[in-house]
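K.L.:
can't give you the sequence, but here's the structure:
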């Protein structure tokens, strides 16, 4: 039995990046031997075990053979006869197909049959073998790694291979859960725009997210969007979300906030009247298709529908501000409202020349929410009940009190008054 550190841990050590997780491959062992040593079985599709002390994953060396379309169409073979090189040959990129000694400390002890260390030095994302084409998830992984390693480029032959996979329909068979998993990871990388640029270049974006793909080439009014192109704006918004260290809910909302602009009739461009409602409707289709989590879906829906009103909130009256908060469900869900405002800031600053601009709407609307929250709704309800009022009548009184509180916040009286 021989144990090697493989994959991302070796790659990140060579890059000088922090190593958070270790992956191990075991050559020359059987499942029975692993069990006798105290390892705990966890793999469903192939033999993977947890170390009895560290709980890190140890996988038996294996090979894969294509048996059908899509991500699940594989036959996995694991036996003591599978070599380390055979195991590494099934991996996606050369930078992930490097193994080292079990302690991972010896640079001279690298086993690198596919020259991954060379590609790390050259900053290239390159597929290991032609077996890459057998798993369409690898298209998404390459795009995600491009978003993480921002100074790497995709090798021309790898990009061509991904194009061929898309043309042959492999991307059509991707499982929704895996698409969302990879998209979510890519959105959380250092420069998420690169993920979408790679997917667009190979043609996969049109298959997986046609609502996003159609935004490129759609013009916008230059006085609000100096970058003009809606797709370019979207990429700037995503990168601003990463720069502001936004959570996934915010980044997905940024991705979906302008989908409706892709369906604006050509005769009204570059204006996009009503795109907010169209964006919300398209978002619903995307969320259902990819099985997007509820928190991401709900935040994105509000951002898509209300971002224009939030941008113009400085112009709103007290009554209109309270209605805006009510539509955003800000009073019941203040933490989500904070995410909504952050997404709107990313939208406002994700424009050419506006990257360093302030976004006063965000602190202002949080202050408005604070004024609304200061209203003693229980006291109002109790007083109303004493007068025999109930239901909508109480709601009206509370709404009026909230409007009055915001009006006082907008126009505070001086001590002399």
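P.N.:
Thanks, I have the structure now. Remember, predicted model here, so these are calculated numbers, not experimental data. Residues are numbered from 1 along each chain as shown.
K.L.:
And the strands in the stretch 101-250 of the chain?
P.N.:
If DSSP state E, counting those that start in this stretch is used as the criterion, the strands of the stretch 101-250 of the chain fall at 124-125, 153-154.
K.L.:
now those in CSV, with distance to residue 85?
P.N.:
C-beta coordinates here come from the backbone N, C-alpha and C atoms, glycine included. Below are these laid out as CSV (distance: least, C-beta to C-beta, whole Å):
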stretch, distance to residue 85
strand 124-125, 21
strand 153-154, 24
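K.L.:
Mind splitting this protein into its structural domains?
P.N.:
1-122, 251-370, 374-410 (automatic domain parsing).
K.L.:
rewinding a little: quick one, which of the strands of the stretch 101-250 of the chain is packed in tightest?
P.N.:
Sort the strands of the stretch 101-250 of the chain by mean neighbour count, taking mean count of other C-beta atoms under 10 Å, and strand 124-125 sits at the top with a mean of 21.
K.L.:
Sort out which residues of stretch 303-310 are buried, please.
P.N.:
Neighbour-count burial for stretch 303-310, counted by 16 or more other C-beta atoms under 10 Å, picks out 303, 304, 305, 306, 307, 309, 310.
K.L.:
and these as a markdown table, adding distance to residue 3, pLDDT and secondary structure?
P.N.:
Shown next, in a markdown table, are those (distance: C-beta to C-beta, whole Å; pLDDT from 0 to 100; DSSP: H, G, I helix; E, B strand; the rest coil):
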| residue | distance to residue 3 | pLDDT | secondary structure |
| --- | --- | --- | --- |
| 303 | 48 | 98 | helix |
| 304 | 50 | 98 | helix |
| 305 | 54 | 97 | helix |
| 306 | 54 | 98 | helix |
| 307 | 52 | 98 | helix |
| 309 | 58 | 97 | helix |
| 310 | 54 | 98 | helix |
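K.L.:
Can you report how many residues neighbour the nearest residue to residue 150 once chain neighbours are set aside?
P.N.:
Computed as C-beta to C-beta, 6 or more residues apart in numbering, the closest residue to residue 150 that is not its neighbour in sequence is residue 191, at 4.7 Å. Residue 191: 18 surrounding residues under other C-beta atoms under 10 Å.
K.L.:
pLDDT score for residue 191?
P.N.:
Per-residue pLDDT puts residue 191 at 98.
K.L.:
do the one 5 residues further on as well
P.N.:
In this model, residue 196 is scored at 98, pLDDT.
K.L.:
Surely it is in contact with residue 238?
P.N.:
Yes: at 7.4 Å, residue 196 counts as touching residue 238 under the criterion of C-beta atoms under 8 Å.
K.L.:
Next SSE downstream of the worst-scoring helix or strand of the chain on mean pLDDT?
P.N.:
In the chain, the helix or strand scored least confidently by mean pLDDT, DSSP states H and E is strand 74-78, which has a mean of 66. Following strand 74-78 in sequence order, the next helix or strand is helix 84-89 (DSSP states H and E).
K.L.:
and the next helix or strand after that following helix, how far from the chain's centre?
P.N.:
Using DSSP H and E, the next helix or strand after helix 84-89 towards the C-terminus is strand 99-100. Its chain's C-alpha centre and that of strand 99-100 lie 30 Å apart, by C-alpha atoms, centre = their mean, to the nearest Å.
K.L.:
so what does strand 99-100 touch, helix or strand wise?
P.N.:
Where contact means 3 or more C-beta pairs under 8 Å, 6 or more residues apart in numbering; DSSP states H and E, strand 99-100 is packed against strand 2-6, helix 8-15.
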